[in-house]
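Engineer: Predicted model follows, preceded by the sequence.
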Amino acid sequence: MVTESFLPTLNGVTTSVCRVAQSLRALGHEALIIAPGPAPATFEGFRVRGLPSIPVRQFPAGVPTPALRRALEEFEADVIHAASPFVLGARALQLADQTGTAAVAIYQTDMPSYLAQHGPDRLRAGAASAAWRWIRRMHAHADITLAPSRATLSELRAHGVPRTDLWARGVDTSLFSPRWRTDPRTAQLRRALAPGGEVLLGYVGRLAPEKELWRLTEVAQIPGTRLVIVGDGPGRAQVGAQLTEAVATMPGRPNRSPVFLGRQSGDELARSYAAFDVFVHTGTRETFGQTLQEAAAAGLPVVAPARGGPLDLVEHGRTGLLFDPDSPGSLHDHVDALVGDAGWRAAMGACAEQAVRGHSWVSLTEQLVGHYTAAGTAREARAFHAA
C-alpha cells in the first residue's frame, strides 16, 4: 500500500489506508505500507516504510527516492495499492508497469478542482487541465482505478481515465454509534458546549480553502444554535474570524461564539459527533465524504451540498438534506428547518444510522480484494496481448 498520506497526519486518505490495513489483517492478508515520513514503524502488525518528505501547506509530501523501488522489490507484492496517487503513488504505478505487478489506484483527492478553485487567477484553468493530463498519464499505469462515488466515476471517465470502477468506503460502526449519547463524558461535553440548550451544528474535517467553510456563515446566525468545529488546518484563523464576525453581527441577541475543538480521533471524536444535533458539510468538491458516513453512523441528520460524493451518501428528506450550493440561502433554509423540528432530526438520524449499518470496513475490503484479483487477471491479459 503506497499512500500519499499516513499517520500522524489525519485526513480521509489516512483513515482509509488505516481501515483497509486493519481489515486486510483480519482477513488474513499481508501488507507493507509505504508512506511519507515521519511515520510509525508498524501499524496493525504490518511494517511501515517511511520515505523522505517535504512540507507542503502543513502536509508532509513524500519524495519518491530509490528506497521506494527497493521496498517494493524486497516485499515481492502480488498487487500494488496506490492510495490517492499523485507523487509517491505515481512512481509506484510506474514501477508496477515496469515489473509486471498488478496495480490498483484509489482515486480520492480532486486535485484538478482544487487548482481550478484556488490556484492563481490567471493559471487556474491551465493548472486544472495540466492536472487532468497528469492524472490520465499516471492512472494509465494502473490495471484498475477505483472511484469512491458515482459522480467521481463519471468525471474520471469523462476525462479519459481508462479502466475505472466503483468502490465506496467503509465506516467504523463499532466506534461511531448513537450509544455515545448516553456516555457521561458526552453529556459533560454537551453541557459545556450548549449551556443554554442550544442546538449544536457540527462540522468535522480539515480547515482549508477547498472545504468552503465560508458557507457556514449562512447558518451561524440561526437563533438558538452554536457552531462546533472539529479539525485543524491552514484555514483555521480565517475561518475563525469569518464565523465569529457572522455571529457577532447577527440581529437581536447573538448566539454563543463558534467553538473550535481541534483535531480529534478515536473515542474523543465519537463523543463529539454524539454531542452534535445536526452535521453540516460545506465542500462541493468531495469525491466521497467520509465524515458524512461517520455522522450518519452516530445517528445524525446530515446537511450537505447536492454535488459530488454526498449524492451517494445522503438520501434527501430521509437520511439528511441536500442543499443547492449555487443558491444563496439554501444551506441556511435546510439547516433552519431541522433546527426547528427536534422530532424530524431524531427520525432522520435514525434512518441515517440504519442506512450505513452494512458499510463495514471488512465488507468493503472484501470487495477491494476482489478488485485486487481482477487487477491481477487484467495485468496477465495485458502481458499476454503485448507478447
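Structural biologist: On my side now, so go ahead.

Engineer: only C-alpha atoms for contact and neighbour calcs from this point on.
Structural biologist: Noted.

Engineer: Flag every buried residue along stretch 96-109.
Structural biologist: Under the neighbour-count criterion of 16 or more other C-alpha atoms under 10 Å, stretch 96-109 has Ala96, Asp97, Gly100, Thr101, Ala102, Ala103, Val104, Ala105, Ile106, Tyr107, Gln108, Thr109 buried.

Engineer: repeat for stretch 22-30
Structural biologist: Applying 16+ other C-alpha under 10 Å to stretch 22-30 flags Gln22, Ser23, Leu24, Arg25 as buried.

Engineer: Show me the strands in the stretch 101-250 of the chain, by range?
Structural biologist: Per DSSP state E, counting those that start in this stretch, the stretch 101-250 of the chain has strands spanning 102-106, 144-147, 164-166, 199-204, 225-230. These are given in chain order.

Engineer: Just the residues contacting the second one, thanks.
Structural biologist: With contact meaning C-alpha atoms under 8 Å, 6 or more residues apart in numbering, strand 144-147 is reached by 103-108, 139, 153, 156, 162-168, 287, 371, 375.

Engineer: try 10 Å
Structural biologist: Contacts with strand 144-147, where a contact means C-alpha atoms under 10 Å, 6 or more residues apart in numbering, come from 82-84, 102-108, 139, 152-156, 161-169, 287-288, 368, 371-372, 374-376, 378-379.

Engineer: now the buried residues of stretch 22-30 in TSV, with pLDDT?
Structural biologist: What follows is the buried residues of stretch 22-30, written out as TSV (pLDDT from 0 to 100):
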residue	pLDDT
Gln22	96
Ser23	97
Leu24	98
Arg25	97
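
Engineer: So which of these is the closest to Leu227?
Structural biologist: Minimum distance to Leu227 across those is 33.3 Å, recorded for Gln22 (C-alpha to C-alpha).

Engineer: which element is the closest one on?
Structural biologist: Assignment of secondary structure by DSSP states H and E places Gln22 within helix 12-26.

Engineer: quick one: that helix to chain centroid distance?
Structural biologist: The chain centre lies 13 Å from the centre of helix 12-26; the measure is C-alpha atoms, centre = their mean, to the nearest Å.

Engineer: now the angle from that helix to strand 102-106?
Structural biologist: Here helix 12-26 runs at an angle of 140 degrees relative to strand 102-106 (axes from the mean of the first three to the mean of the last three C-alpha atoms, to 10 degrees).

Engineer: can I have the helix or strand just after helix 12-26 written out in CSV, keeping just the CAs?
Structural biologist: Once helix 12-26 ends, the next helix or strand along the chain (criterion: DSSP H and E) is strand 32-36. Below are the C-alpha coordinates for strand 32-36, written out as CSV (Å, rounded to 0.1, in the frame of the first residue of the first chain):
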residue,chain,number,x,y,z
LEU,A,32,3.6,-3.4,3.6
ILE,A,33,2.7,0.3,4.0
ILE,A,34,4.9,2.9,2.2
ALA,A,35,4.2,6.5,3.2
PRO,A,36,5.8,9.9,3.7
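
Engineer: between the buried residues of stretch 22-30, which is nearest Ala92?
Structural biologist: Taking C-alpha to C-alpha as the measure, Leu24 is the one of those closest to Ala92, at 20.1 Å.

Engineer: was I right about the closest one contacting Gln367?
Structural biologist: No. With contact defined as C-alpha atoms under 10 Å, Leu24 and Gln367 do not form a contacting pair (11.3 Å).

Engineer: Now list whatever residues contact both of these two.
Structural biologist: With the criterion set as C-alpha under 10 Å, 6+ apart, the overlap between the contacts of Leu24 and Gln367 is Trp361.

Engineer: Just list the residues touching Gly329, thanks.
Structural biologist: Remark: with contacts taken as C-alpha under 10 Å, 6+ apart, Gly329 is in contact with Arg215, Glu218, Val219, Phe323.

Engineer: secondary structure element for the closest residue to the third one other than its chain neighbours?
Structural biologist: Which is Val219. Distances taken as C-alpha to C-alpha, 6 or more residues apart in numbering put His332 closest to Val219, at 5.1 Å, once the chain neighbours are dropped. Assignment of secondary structure by DSSP H and E places His332 within helix 330-339.

Engineer: what's the pLDDT at Leu10?
Structural biologist: As summarised for this prediction, Leu10 has a pLDDT of 87.

Engineer: follow-up on the earlier one: report the contact partners of the residue nearest to Val219.
Structural biologist: When contacts are counted by C-alpha under 10 Å, 6+ apart, His332 is found next to Arg215, Leu216, Thr217, Glu218, Val219, Ala220, Gln221, Ile222, Phe323.

Engineer: Report the separation between it and Gly370.
Structural biologist: 42 Å (C-alpha to C-alpha, to the nearest Å).

Engineer: cool, Leu193 as well?
Structural biologist: Distance, Leu193 to Gly370, by C-alpha to C-alpha: 45 Å.

Engineer: So which of these two has more stuff around it?
Structural biologist: A direct count of neighbours by other C-alpha atoms under 10 Å for Leu193 and Gly370 places Leu193 higher, at 21 against 12.

Engineer: who's in contact with the more buried one?
Structural biologist: Ala187, Val199, Leu200, Arg226, Leu227, Val228, Arg256, Pro258, Val259, Ala275, Phe276.

Engineer: which residues are contacting the host helix or strand of Leu311?
Structural biologist: Counting by DSSP H and E, the element that carries Leu311 is helix 310-313. Outside helix 310-313, the residues that touch it by C-alpha under 10 Å, 6+ apart are 148-151, 168, 281, 283-290, 292-293, 296, 302-306, 319-322, 352, 355-356.

Engineer: for the record, mean pLDDT for the helix holding His332?
Structural biologist: Confidence over helix 330-339, taken as the mean pLDDT, stands at 98.

Engineer: counting contacts, what elements does whichever helix or strand comes after it pack onto?
Structural biologist: Note on helix 330-339: by DSSP H and E, the next helix or strand toward the C-terminus is helix 342-355. With contacts taken as 3 or more C-alpha pairs under 10 Å, 6 or more residues apart in numbering; DSSP states H and E, helix 342-355 sits against strand 278-280, helix 290-297, strand 302-305, strand 320-323, helix 330-339.
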